[in-house]
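S.K.: Could you look at this predicted model? Sequence included:
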Amino acid sequence: MPELPEVECFARDLRKCVKGRMIEAVQLSFTGMLRGVAPEEFGSMLTGKVFQDVQRRGKYLFFYLSGELVWEVHLRMTGYFLFYPAPAVTDKHTRALFILQGTNNLQFQDIRKFGTFRLWQKEDFHTAPSMQRGIDPLEDVFNLHVFQGLLYRRSKRSLKYLLLDQSVIAGLGNIYCDEALFRARLHPARKVGDLTKDEIKRLFDAVLGVLQEGIRLRGTSVSDYRDIWGKKGHFQDFLRVYRRKNKPCFLCGETITREVIAGRGTHYCPRCQNH
DNA sequence: CTCCGTGCCTGTGAGC
DNA sequence: TGCTCACAGGCACGGA
């Protein structure tokens, strides 16, 4: 499932590949991802437009197009983009095909059809919830002081619930959340208000650490995630708790636990991450 | 404010 | 071995 590091890889790779290219045609084989725009309108709005930039915020991907248009994408669980030479090789999971000027096509794949597309005019793009909600942890404004501020008035929450709340920090999903809590040696059910100053610092460092390492290792391919060339990431080889139920902790040898916390499957080491 | 349940989907794999 | 069915989870929404 694409979380911040995977979406960042998409943004960086796509920026290099599509910038300056024109969309010659749009073919939708599924239209359920469209939000607030009819299929014909979506096609006609994008056709003829030129990619000017690709950006990311939280788990959202933004294609800046000519004509003051922003195409917003959320990949949700199984969405991803493929970029490869024409002619396009599509399969049953291909939901949209973008014929680009030149020799390459852009393809949107989404097994479970949870992904969403939205269009914004550049002038009111700043009002988009994807741009307003939560703080992106990789933006310069995110520092320890800001992080401490986010904890204020949320003292009764569990850490798991806090980190997954996109209106607080935008970008963490289940994998990087569990890994960050392990790094910080904090139990996922701990309450925000119980943290000491040192623990808050540890959590802050852990969140930034796992995200940066995730990007450096080009994402986590535990199930469907592939980059735009179809290649797997490597962070799955360095997971310390996620999907390691009943396996020994790399630090202490204790058996990794999986239990539902804040409604999510949550993995942790009961010894390293004690209450 | 907190947190649960539901719906949206389909591939996977645990368990019979 | 073959089948069924619960589960996986990001997010929006409704409700306790």
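M.R.: Cool, got the structure.
S.K.: Would you check that residue A:258 makes contact with residue A:264?
M.R.: No: if you go by Cβ atoms under 8 Å, residue A:258 and residue A:264 don't touch, sitting 10.4 Å apart. Heads up, the C-betas are built off the backbone N, CA and C, glycines and all.
S.K.: Mind checking what secondary structure residue A:258 has?
M.R.: With DSSP: H, G, I helix; E, B strand; the rest coil as the basis, the three-state label of residue A:258 is strand.
S.K.: Tell me who's in contact with it.
M.R.: A:245, A:265, A:266, A:267 (Cβ atoms under 8 Å, 6 or more residues apart in numbering).
S.K.: Out of those, which are close to DNA strand C?
M.R.: Contacts with DNA strand C within the contacts of residue A:258, counted by Cβ under 7 Å from any atom of the strand: residue A:265.
S.K.: Closest one of the contacts of residue A:258 to residue A:220?
M.R.: residue A:267 (13.3 Å; Cβ to Cβ).
S.K.: Which elements pack onto the helix or strand hosting that closest one?
M.R.: Assigning secondary structure by DSSP states H and E places residue A:267 in strand A:264-268. In terms of contacts (3 or more Cβ pairs under 8 Å, 6 or more residues apart in numbering; DSSP states H and E), strand A:264-268 is packed against helix A:159-164, helix A:174-183, strand A:257-261.
S.K.: Give me every residue in the stretch 51-200 of chain A lying close to DNA strand B.
M.R.: Counting by Cβ under 7 Å from any atom of the strand, the stretch 51-200 of chain A sits next to DNA strand B at A:77, A:92-93, A:111-114, A:153-158, A:161, A:192.
S.K.: and the two most separated of those?
M.R.: Farthest pair in those, by Cβ to Cβ: A:92 and A:155, 47.8 Å.
S.K.: More neighbours: those two, which one.
M.R.: residue A:155 (12 against 8; other Cβ atoms under 10 Å).
S.K.: and the closest residue to residue A:114 other than its chain neighbours, which of the three is it?
M.R.: Once flanking residues are discounted, residue A:114 sits nearest to residue A:76: 3.6 Å by Cβ to Cβ, 6 or more residues apart in numbering. Following three-state DSSP, the label given to residue A:76 is coil.
S.K.: isn't residue A:76 right up against residue A:115?
M.R.: Yes: between residue A:76 and residue A:115 there is a contact under Cβ under 8 Å: 5.0 Å.
S.K.: Which one's more surrounded, these two?
M.R.: residue A:115 (23 against 17).
S.K.: how about the helices in chain A?
M.R.: A:4-18, A:39-46, A:129-132, A:144-151, A:159-164, A:174-183, A:197-216 (DSSP state H).
S.K.: Return the residues in contact with residue A:79.
M.R.: By Cβ under 8 Å, 6+ apart, the contact set of residue A:79 is A:2, A:73, A:108, A:109, A:110, A:114, A:115.
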